[in-house]
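coords please:
(one chain, ligands or ions: 1)
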Amino acid sequence: MIPTLLPTYARAPMTFVKGEGAWLTEADGRRFLDLGAGIAVNALGHAHPALVQALTDQAGQLWHTSNLYRIPQQQALADRLVDLTFADTVFFTNSGTESCELAVKMARKYWFDKAAPDRVEIITFSGSFHGRSSAGIAAAGSEKMTKGFGPLLPGFVHLELGDMAALKAAITDKTAAILIEPVQGEGGIRPIPDRDLKEMRALCDEHGLLLIFDEVQCGVARTGRLFAHEWAGVSPDIMMIAKGIGGGFPLGAVLATQEAASGMTLGTHGSTYGGNPLGCAVGAAVLDIVSDPAFLGEVSRKSGLLRQKLEGLIAAHPDVFDEVRGIGLMLGLKCKLPNTALVSAGYQAGLLTVPAADNVIRLLPPLNITDEDLHEAITRLDAAAVQARQEQEQ
Ligand SMILES: *Cc1c(COP(=O)(O)O)cnc(C)c1O
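Sure, this is the predicted structure:
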(Lines give C-alpha, C1' and ligand atoms only; values in the text may rest on other atoms or scores of the structure.)
Protein backbone atom coordinates (compact mmCIF):
# COMPACT_ATOMS: atom_id res chain seq x y z
CA MET A 1 0.00 0.00 0.00
CA ILE A 2 1.23 3.45 -0.77
CA PRO A 3 2.17 5.41 2.35
CA THR A 4 -0.13 8.24 3.30
CA LEU A 5 2.78 10.53 2.48
CA LEU A 6 3.68 10.26 -1.19
CA PRO A 7 6.94 8.31 -1.02
CA THR A 8 9.24 10.57 -3.05
CA TYR A 9 11.71 11.04 -0.19
CA ALA A 10 13.95 8.47 1.51
CA ARG A 11 13.68 10.03 4.94
CA ALA A 12 16.35 9.56 7.59
CA PRO A 13 14.97 8.08 10.81
CA MET A 14 15.12 11.26 12.88
CA THR A 15 12.19 13.33 14.08
CA PHE A 16 13.06 16.75 15.34
CA VAL A 17 10.83 18.53 17.77
CA LYS A 18 12.81 21.66 18.56
CA GLY A 19 15.55 23.80 17.11
CA GLU A 20 17.84 26.40 18.61
CA GLY A 21 20.72 28.03 16.79
CA ALA A 22 22.63 25.36 14.91
CA TRP A 23 21.09 22.53 16.95
CA LEU A 24 18.07 20.28 16.45
CA THR A 25 16.62 18.08 19.18
CA GLU A 26 14.59 14.89 19.05
CA ALA A 27 11.81 14.10 21.52
CA ASP A 28 14.15 11.92 23.62
CA GLY A 29 16.58 14.82 23.96
CA ARG A 30 19.14 13.62 21.42
CA ARG A 31 20.82 16.65 19.82
CA PHE A 32 22.13 17.06 16.29
CA LEU A 33 24.45 19.76 15.02
CA ASP A 34 22.78 21.03 11.88
CA LEU A 35 25.24 21.67 9.04
CA GLY A 36 22.47 21.31 6.49
CA ALA A 37 20.29 24.16 7.73
CA GLY A 38 17.31 22.76 5.88
CA ILE A 39 19.39 22.91 2.69
CA ALA A 40 20.66 26.46 3.12
CA VAL A 41 17.26 27.71 4.29
CA ASN A 42 17.81 28.38 8.00
CA ALA A 43 20.33 31.10 7.27
CA LEU A 44 20.18 32.32 10.86
CA GLY A 45 19.73 28.91 12.45
CA HIS A 46 16.65 27.77 14.28
CA ALA A 47 14.40 30.01 16.37
CA HIS A 48 16.49 33.15 15.90
CA PRO A 49 14.93 35.67 18.34
CA ALA A 50 14.66 38.46 15.73
CA LEU A 51 12.88 36.18 13.27
CA VAL A 52 10.56 34.74 15.90
CA GLN A 53 9.73 38.30 16.92
CA ALA A 54 9.12 39.45 13.33
CA LEU A 55 6.91 36.44 12.62
CA THR A 56 4.87 36.58 15.81
CA ASP A 57 4.43 40.37 15.69
CA GLN A 58 3.12 40.12 12.14
CA ALA A 59 1.05 37.02 12.94
CA GLY A 60 -0.84 39.01 15.55
CA GLN A 61 -1.62 41.75 13.03
CA LEU A 62 -2.33 40.31 9.60
CA TRP A 63 -1.32 37.13 7.75
CA HIS A 64 -2.66 37.39 4.27
CA THR A 65 -4.59 39.82 2.19
CA SER A 66 -3.94 39.51 -1.53
CA ASN A 67 -1.81 41.07 -4.19
CA LEU A 68 -5.04 42.80 -5.18
CA TYR A 69 -4.17 45.27 -2.42
CA ARG A 70 -1.09 47.16 -1.33
CA ILE A 71 1.18 45.21 1.02
CA PRO A 72 3.55 47.59 2.81
CA GLN A 73 5.81 44.79 4.10
CA GLN A 74 6.27 43.60 0.53
CA GLN A 75 6.96 47.09 -0.78
CA ALA A 76 9.53 47.70 1.95
CA LEU A 77 11.36 44.43 1.26
CA ALA A 78 11.40 45.11 -2.49
CA ASP A 79 12.79 48.62 -1.91
CA ARG A 80 15.49 47.18 0.32
CA LEU A 81 16.48 44.48 -2.20
CA VAL A 82 16.61 47.05 -4.99
CA ASP A 83 18.81 49.29 -2.81
CA LEU A 84 21.21 46.44 -2.13
CA THR A 85 21.52 44.94 -5.62
CA PHE A 86 21.71 45.44 -9.39
CA ALA A 87 17.93 45.12 -9.58
CA ASP A 88 15.28 47.73 -10.31
CA THR A 89 12.26 45.58 -9.55
CA VAL A 90 11.23 42.51 -7.54
CA PHE A 91 8.45 39.92 -7.69
CA PHE A 92 7.92 37.74 -4.63
CA THR A 93 7.27 34.01 -4.81
CA ASN A 94 7.02 31.17 -2.29
CA SER A 95 9.87 28.99 -3.50
CA GLY A 96 12.88 28.70 -5.75
CA THR A 97 10.91 26.73 -8.30
CA GLU A 98 8.38 29.51 -8.68
CA SER A 99 11.21 32.00 -9.06
CA CYS A 100 12.57 29.83 -11.88
CA GLU A 101 9.19 29.81 -13.58
CA LEU A 102 9.00 33.58 -13.57
CA ALA A 103 12.60 33.99 -14.73
CA VAL A 104 11.87 31.79 -17.74
CA LYS A 105 8.62 33.61 -18.52
CA MET A 106 10.30 36.99 -18.12
CA ALA A 107 13.11 36.12 -20.53
CA ARG A 108 10.71 34.88 -23.18
CA LYS A 109 8.34 37.79 -22.82
CA TYR A 110 11.26 40.19 -23.11
CA TRP A 111 12.09 38.91 -26.58
CA PHE A 112 8.46 38.60 -27.61
CA ASP A 113 8.00 42.29 -26.88
CA LYS A 114 11.20 43.07 -28.79
CA ALA A 115 9.51 41.57 -31.86
CA ALA A 116 11.75 38.50 -31.69
CA PRO A 117 9.22 35.83 -30.63
CA ASP A 118 11.50 33.03 -31.88
CA ARG A 119 14.12 33.89 -29.32
CA VAL A 120 12.89 31.41 -26.73
CA GLU A 121 15.93 29.28 -26.00
CA ILE A 122 17.61 29.37 -22.64
CA ILE A 123 21.07 27.88 -22.31
CA THR A 124 21.66 25.83 -19.15
CA PHE A 125 24.45 23.60 -17.86
CA SER A 126 25.13 20.07 -16.68
CA GLY A 127 24.83 19.56 -12.94
CA SER A 128 22.42 22.43 -12.55
CA PHE A 129 19.29 22.43 -10.43
CA HIS A 130 16.42 24.85 -10.88
CA GLY A 131 13.56 23.19 -9.02
CA ARG A 132 11.05 20.43 -9.72
CA SER A 133 8.38 22.16 -11.79
CA SER A 134 7.98 21.32 -15.46
CA ALA A 135 10.14 24.29 -16.44
CA GLY A 136 12.65 23.59 -13.66
CA ILE A 137 13.29 19.99 -14.64
CA ALA A 138 13.41 20.88 -18.33
CA ALA A 139 15.94 23.59 -17.52
CA ALA A 140 18.20 21.20 -15.61
CA GLY A 141 17.57 18.46 -18.13
CA SER A 142 19.10 15.53 -16.26
CA GLU A 143 17.56 12.12 -16.85
CA LYS A 144 17.23 11.64 -13.10
CA MET A 145 14.79 14.54 -12.90
CA THR A 146 13.02 14.35 -16.25
CA LYS A 147 12.56 10.65 -17.02
CA GLY A 148 8.94 9.58 -17.21
CA PHE A 149 7.46 13.04 -17.11
CA GLY A 150 6.46 13.19 -20.72
CA PRO A 151 7.19 15.90 -23.22
CA LEU A 152 9.40 18.45 -21.55
CA LEU A 153 8.94 22.17 -21.84
CA PRO A 154 10.90 22.92 -25.00
CA GLY A 155 13.43 25.68 -25.41
CA PHE A 156 16.34 24.63 -23.20
CA VAL A 157 19.80 24.01 -24.60
CA HIS A 158 21.96 21.93 -22.28
CA LEU A 159 25.71 22.39 -22.30
CA GLU A 160 28.60 20.87 -20.40
CA LEU A 161 29.49 23.04 -17.41
CA GLY A 162 32.77 24.86 -17.98
CA ASP A 163 32.89 24.42 -21.76
CA MET A 164 33.07 28.07 -22.77
CA ALA A 165 33.83 27.25 -26.39
CA ALA A 166 30.61 25.23 -26.60
CA LEU A 167 28.75 28.13 -25.04
CA LYS A 168 30.00 30.56 -27.66
CA ALA A 169 29.10 28.13 -30.42
CA ALA A 170 25.62 27.51 -28.99
CA ILE A 171 24.45 31.11 -29.18
CA THR A 172 22.12 31.58 -32.15
CA ASP A 173 19.35 33.94 -33.18
CA LYS A 174 17.02 31.72 -31.14
CA THR A 175 18.90 32.28 -27.89
CA ALA A 176 17.06 34.33 -25.30
CA ALA A 177 19.16 33.89 -22.18
CA ILE A 178 21.86 32.05 -20.28
CA LEU A 179 20.79 30.55 -16.94
CA ILE A 180 23.38 29.46 -14.38
CA GLU A 181 23.96 29.02 -10.65
CA PRO A 182 27.10 31.02 -9.76
CA VAL A 183 27.84 28.20 -7.31
CA GLN A 184 26.12 24.94 -8.15
CA GLY A 185 24.51 23.43 -5.07
CA GLU A 186 22.82 20.12 -5.88
CA GLY A 187 25.48 19.59 -8.55
CA GLY A 188 28.11 19.17 -5.83
CA ILE A 189 29.17 22.66 -4.65
CA ARG A 190 30.83 23.69 -7.85
CA PRO A 191 31.71 27.41 -7.98
CA ILE A 192 31.77 28.83 -11.48
CA PRO A 193 35.14 30.52 -12.01
CA ASP A 194 34.94 34.34 -11.99
CA ARG A 195 36.45 34.49 -15.46
CA ASP A 196 33.64 32.27 -16.83
CA LEU A 197 30.94 34.42 -15.24
CA LYS A 198 32.66 37.51 -16.68
CA GLU A 199 32.82 35.91 -20.09
CA MET A 200 29.12 35.00 -19.89
CA ARG A 201 28.32 38.60 -19.06
CA ALA A 202 30.40 39.76 -22.02
CA LEU A 203 28.71 37.26 -24.36
CA CYS A 204 25.28 38.36 -23.19
CA ASP A 205 26.22 42.01 -23.73
CA GLU A 206 27.64 41.27 -27.16
CA HIS A 207 24.54 39.37 -28.30
CA GLY A 208 21.98 41.30 -26.29
CA LEU A 209 21.05 38.19 -24.29
CA LEU A 210 19.71 38.10 -20.77
CA LEU A 211 21.93 36.66 -18.07
CA ILE A 212 19.95 34.85 -15.39
CA PHE A 213 21.60 33.82 -12.14
CA ASP A 214 19.94 31.20 -9.98
CA GLU A 215 21.05 32.24 -6.49
CA VAL A 216 18.38 30.23 -4.73
CA GLN A 217 21.07 28.30 -2.82
CA CYS A 218 24.21 30.45 -3.08
CA GLY A 219 22.52 33.83 -2.47
CA VAL A 220 21.53 35.74 0.66
CA ALA A 221 24.98 35.93 2.29
CA ARG A 222 25.73 32.20 1.95
CA THR A 223 29.10 32.85 0.24
CA GLY A 224 30.11 35.82 2.40
CA ARG A 225 28.79 38.40 -0.05
CA LEU A 226 25.10 39.25 -0.08
CA PHE A 227 24.91 37.56 -3.49
CA ALA A 228 27.49 35.15 -4.86
CA HIS A 229 27.90 36.94 -8.20
CA GLU A 230 29.37 39.93 -6.38
CA TRP A 231 32.63 37.99 -6.03
CA ALA A 232 33.02 37.95 -9.82
CA GLY A 233 32.10 41.62 -10.16
CA VAL A 234 29.38 40.94 -12.70
CA SER A 235 25.63 41.41 -12.40
CA PRO A 236 22.86 39.40 -13.99
CA ASP A 237 19.79 40.86 -15.69
CA ILE A 238 17.52 38.53 -13.74
CA MET A 239 18.18 36.72 -10.47
CA MET A 240 16.17 34.02 -8.73
CA ILE A 241 16.36 33.76 -4.95
CA ALA A 242 14.55 31.78 -2.25
CA LYS A 243 15.85 29.46 0.52
CA GLY A 244 17.85 31.75 2.86
CA ILE A 245 15.80 34.91 2.32
CA GLY A 246 12.91 33.53 4.39
CA GLY A 247 15.13 31.99 7.06
CA GLY A 248 12.70 29.04 7.15
CA PHE A 249 9.53 30.81 6.05
CA PRO A 250 8.66 29.91 2.44
CA LEU A 251 9.73 33.01 0.51
CA GLY A 252 11.38 33.55 -2.83
CA ALA A 253 11.80 36.35 -5.31
CA VAL A 254 12.86 37.30 -8.79
CA LEU A 255 14.98 40.42 -9.04
CA ALA A 256 15.46 42.09 -12.41
CA THR A 257 16.63 45.18 -14.18
CA GLN A 258 14.05 47.52 -15.63
CA GLU A 259 15.07 46.43 -19.13
CA ALA A 260 14.86 42.67 -18.46
CA ALA A 261 11.49 43.04 -16.72
CA SER A 262 10.04 45.29 -19.42
CA GLY A 263 7.75 42.60 -20.82
CA MET A 264 6.11 41.81 -17.51
CA THR A 265 3.26 44.26 -17.73
CA LEU A 266 -0.12 44.36 -16.01
CA GLY A 267 -1.70 40.92 -15.75
CA THR A 268 1.23 38.93 -17.17
CA HIS A 269 2.06 37.15 -13.90
CA GLY A 270 0.69 36.63 -10.44
CA SER A 271 0.75 34.67 -7.19
CA THR A 272 -1.84 34.20 -4.48
CA TYR A 273 0.60 33.93 -1.60
CA GLY A 274 3.76 35.47 -3.03
CA GLY A 275 4.89 38.40 -0.93
CA ASN A 276 2.33 37.99 1.82
CA PRO A 277 2.77 40.09 4.97
CA LEU A 278 4.06 37.18 7.09
CA GLY A 279 6.75 36.11 4.64
CA CYS A 280 7.89 39.64 3.93
CA ALA A 281 8.07 40.57 7.60
CA VAL A 282 10.39 37.62 8.19
CA GLY A 283 12.35 38.29 4.98
CA ALA A 284 12.99 41.87 6.06
CA ALA A 285 14.28 40.67 9.43
CA VAL A 286 16.63 38.21 7.70
CA LEU A 287 17.88 40.81 5.25
CA ASP A 288 18.51 43.39 7.98
CA ILE A 289 20.88 41.00 9.69
CA VAL A 290 22.65 39.33 6.76
CA SER A 291 23.22 42.47 4.69
CA ASP A 292 25.33 44.05 7.43
CA PRO A 293 28.93 44.16 6.16
CA ALA A 294 30.15 43.04 9.58
CA PHE A 295 27.92 39.96 9.36
CA LEU A 296 29.19 39.18 5.86
CA GLY A 297 32.77 39.55 7.10
CA GLU A 298 32.03 37.05 9.83
CA VAL A 299 30.71 34.55 7.27
CA SER A 300 34.02 34.79 5.42
CA ARG A 301 36.05 34.53 8.61
CA LYS A 302 34.13 31.43 9.72
CA SER A 303 34.55 30.00 6.26
CA GLY A 304 38.32 30.36 6.59
CA LEU A 305 38.25 28.69 9.99
CA LEU A 306 36.06 25.82 8.79
CA ARG A 307 38.11 25.30 5.63
CA GLN A 308 41.31 25.17 7.60
CA LYS A 309 39.83 22.56 9.94
CA LEU A 310 38.47 20.59 7.00
CA GLU A 311 41.90 20.52 5.36
CA GLY A 312 43.19 18.99 8.59
CA LEU A 313 40.35 16.47 8.54
CA ILE A 314 41.15 15.48 4.97
CA ALA A 315 44.82 15.06 5.88
CA ALA A 316 43.78 12.84 8.80
CA HIS A 317 41.47 10.74 6.61
CA PRO A 318 43.00 10.70 3.13
CA ASP A 319 41.17 7.45 2.34
CA VAL A 320 37.78 8.97 3.23
CA PHE A 321 37.90 12.55 1.95
CA ASP A 322 39.27 13.93 -1.28
CA GLU A 323 38.98 17.71 -1.20
CA VAL A 324 37.04 20.67 0.11
CA ARG A 325 35.55 23.21 -2.25
CA GLY A 326 33.08 26.07 -2.28
CA ILE A 327 32.84 29.64 -1.06
CA GLY A 328 31.86 31.08 2.30
CA LEU A 329 29.66 28.73 4.27
CA MET A 330 28.65 26.84 1.14
CA LEU A 331 31.28 24.13 1.29
CA GLY A 332 31.46 20.67 -0.20
CA LEU A 333 33.58 17.76 0.94
CA LYS A 334 34.29 15.44 -1.95
CA CYS A 335 34.40 11.91 -0.60
CA LYS A 336 36.29 8.78 -1.49
CA LEU A 337 33.77 6.56 0.27
CA PRO A 338 30.14 6.86 -0.87
CA ASN A 339 28.87 10.25 0.30
CA THR A 340 25.65 8.66 1.57
CA ALA A 341 27.72 6.44 3.90
CA LEU A 342 29.28 9.58 5.39
CA VAL A 343 25.96 11.34 5.75
CA SER A 344 24.58 8.26 7.59
CA ALA A 345 27.67 7.99 9.78
CA GLY A 346 27.17 11.69 10.54
CA TYR A 347 23.68 10.95 11.80
CA GLN A 348 25.15 8.44 14.23
CA ALA A 349 27.62 11.08 15.36
CA GLY A 350 24.80 13.61 15.84
CA LEU A 351 25.66 15.67 12.78
CA LEU A 352 23.52 16.67 9.81
CA THR A 353 25.06 17.16 6.38
CA VAL A 354 23.44 16.98 2.94
CA PRO A 355 24.57 14.80 0.06
CA ALA A 356 25.02 16.30 -3.41
CA ALA A 357 26.04 15.04 -6.84
CA ASP A 358 29.68 14.23 -7.63
CA ASN A 359 29.98 12.24 -4.36
CA VAL A 360 30.02 15.38 -2.25
CA ILE A 361 28.61 16.09 1.18
CA ARG A 362 27.41 19.64 1.58
CA LEU A 363 28.21 21.74 4.62
CA LEU A 364 25.70 24.59 4.72
CA PRO A 365 25.64 25.63 8.37
CA PRO A 366 23.58 28.51 9.69
CA LEU A 367 25.52 31.63 8.74
CA ASN A 368 25.61 32.75 12.38
CA ILE A 369 27.05 29.46 13.64
CA THR A 370 29.48 29.95 16.51
CA ASP A 371 33.18 29.07 16.36
CA GLU A 372 32.54 26.58 19.14
CA ASP A 373 29.91 24.80 17.05
CA LEU A 374 32.29 24.73 14.07
CA HIS A 375 34.91 23.03 16.22
CA GLU A 376 32.26 20.57 17.37
CA ALA A 377 31.30 19.94 13.76
CA ILE A 378 34.87 18.89 12.98
CA THR A 379 34.94 16.55 15.99
CA ARG A 380 31.72 14.93 14.76
CA LEU A 381 32.88 14.77 11.14
CA ASP A 382 36.01 13.04 12.38
CA ALA A 383 33.89 10.48 14.27
CA ALA A 384 31.73 10.02 11.17
CA ALA A 385 34.80 9.40 9.01
CA VAL A 386 36.09 6.72 11.40
CA GLN A 387 32.66 5.09 11.54
CA ALA A 388 32.11 5.17 7.78
CA ARG A 389 35.50 3.61 7.12
CA GLN A 390 34.87 0.87 9.69
CA GLU A 391 31.54 0.05 8.10
CA GLN A 392 33.15 0.04 4.68
CA GLU A 393 35.74 -2.50 5.84
CA GLN A 394 33.11 -4.88 7.21
C1 LIG B 1 16.54 24.54 -4.03
C2 LIG B 1 16.83 25.14 -5.34
C3 LIG B 1 15.81 25.47 -6.24
C4 LIG B 1 14.37 25.11 -5.98
O5 LIG B 1 13.87 25.78 -4.86
P6 LIG B 1 12.54 25.22 -4.14
O7 LIG B 1 12.30 26.24 -3.07
O8 LIG B 1 12.83 23.85 -3.65
O9 LIG B 1 11.47 25.24 -5.15
C10 LIG B 1 16.16 26.10 -7.41
N11 LIG B 1 17.44 26.39 -7.70
C12 LIG B 1 18.44 26.11 -6.86
C13 LIG B 1 19.83 26.48 -7.21
C14 LIG B 1 18.18 25.46 -5.65
O15 LIG B 1 19.18 25.13 -4.83
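
Check the burial of the closest residue to the ligand within the chain by counting its neighbours.
Taking CB to the nearest ligand atom as the measure, the point where the chain comes nearest the ligand is G96, at 2.2 Å. Bear in mind the C-beta positions are built from the backbone N, C-alpha and C, glycine included. Using other CB atoms under 10 Å, G96 has 29 neighbouring residues.

cool, the one 3 residues further on as well?
S99 is flanked by 30 other residues according to other CB under 10 Å.

ok so, going back, and the residue of the chain closest to the ligand, backbone torsions?
G96 adopts backbone torsions of phi -70, psi -40, taken as degrees, to the nearest 10.

That one against K243, yeah?
Yes. With contact taken as CB atoms under 8 Å, G96 and K243 are classed as touching, separated by 6.3 Å.

coming back round to it: so who does the residue of the chain closest to the ligand touch?
With contact taken as CB atoms under 8 Å, 6 or more residues apart in numbering, G96 is in contact with 130-131, 214, 216-217, 240-243, 252.

and what of V254?
Residues counted as contacts of V254 (CB under 8 Å, 6+ apart) are 90-91, 93, 99, 102-103, 106, 238-241.

Now for the residues you listed: which two are most distant?
Distances among those were taken as CB to CB; the most separated pair is M106 and I241, at 14.2 Å.

now the residue nearest the centre of the chain: how far from R195?
Centroid-nearest residue in the chain: Q217, 1.0 Å away (criterion: CA atoms, centre = their mean). As for Q217, its distance to R195 is 22 Å (criterion: CB to CB, to the nearest Å).

Which helix or strand contains A138?
Element membership for A138, per DSSP states H and E: helix 134-140.

What lies in contact with the helix or strand following that helix?
From helix 134-140 onward toward the C-terminus, using DSSP H and E, the following helix or strand is helix 143-146. Contacts with helix 143-146, where a contact means CB under 8 Å, 6+ apart, come from 132, 137-138, 140, 152.

do that again at 6 Å, thanks
Helix 143-146 is contacted by residues 137, 152 when judged by CB atoms under 6 Å, 6 or more residues apart in numbering.

Can you point out the buried residues in it?
By 16 or more other CB atoms under 10 Å, the buried positions in helix 143-146 come out as M145.

Over to stretch 222-242?
222-232, 234-242.

cool, and stretch 84-96?
85-87, 89-96.

For the stretch 1-150 of the chain, what lies in contact range of the ligand?
Taking CB under 6 Å from any ligand atom as the measure of proximity, the stretch 1-150 of the chain contacts the ligand at 95-97, 100, 129-131.

Tell me which entries of those lie within helices.
96-97, 100 (DSSP state H).

Adding distance to M145 and pLDDT, write these out as a markdown table.
Listed next are those as a markdown table, based on distance: CB to CB, whole Å; pLDDT from 0 to 100:
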| residue | distance to M145 | pLDDT |
| --- | --- | --- |
| G96 | 14 | 98 |
| T97 | 12 | 98 |
| C100 | 13 | 98 |
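
and R307, what does it touch?
With contacts defined as CB under 6 Å, 6+ apart, R307 is in contact with V324.

which secondary structure element contains it?
Applying DSSP H and E as the criterion places R307 in helix 293-316.

if we can go back for a sec, would you mind listing the residues touching both of G96 and K243?
Contact criterion CB under 6 Å, 6+ apart; residues shared by G96 and K243: V216.

re earlier: could you tell me how far the residue of the chain closest to the ligand is located from R132?
Taken as CB to CB, the spacing of G96 relative to R132 amounts to 10 Å.

Likewise for A40?
Counting by CB to CB, the gap from A40 to R132 is 16 Å.

cool, and A345?
Taken as CB to CB, the spacing of A345 relative to R132 amounts to 28 Å.

out of the two, which sits in the more crowded spot?
Neighbours of A345 and R132, each counted by other CB under 10 Å, are more numerous for A345; the result is 25 against 16.

The stretch 201-350 of the chain: helices as residue ranges?
Here the stretch 201-350 of the chain has its helices, by DSSP state H, counting those that start in this stretch, at 277-290, 293-316, 339-348.

Go through those helices and name the closest to V360.
The closest approach between V360 and any of the helices of the stretch 201-350 of the chain, judged by CB to CB, belongs to helix 339-348 at 6.0 Å.

After the closest one, which helix or strand is next?
Using DSSP H and E, the helix or strand that follows helix 339-348 in sequence is strand 351-352.

From the rest of the structure, what touches that following strand?
Contacts with strand 351-352, where a contact means CB under 6 Å, 6+ apart, come from 32-36, 380.

Which pair of the residues you listed spans the longest distance?
Across those, the two lying at the largest distance from each other (CB to CB) are G36 and R380, at 12.9 Å.

Around H48, count how many other residues there are.
Counted with other CB under 10 Å, H48 comes out at 23.

how about it, phi and psi?
Dihedral angles for H48 - degrees, to the nearest 10 - are phi -60, psi 130.
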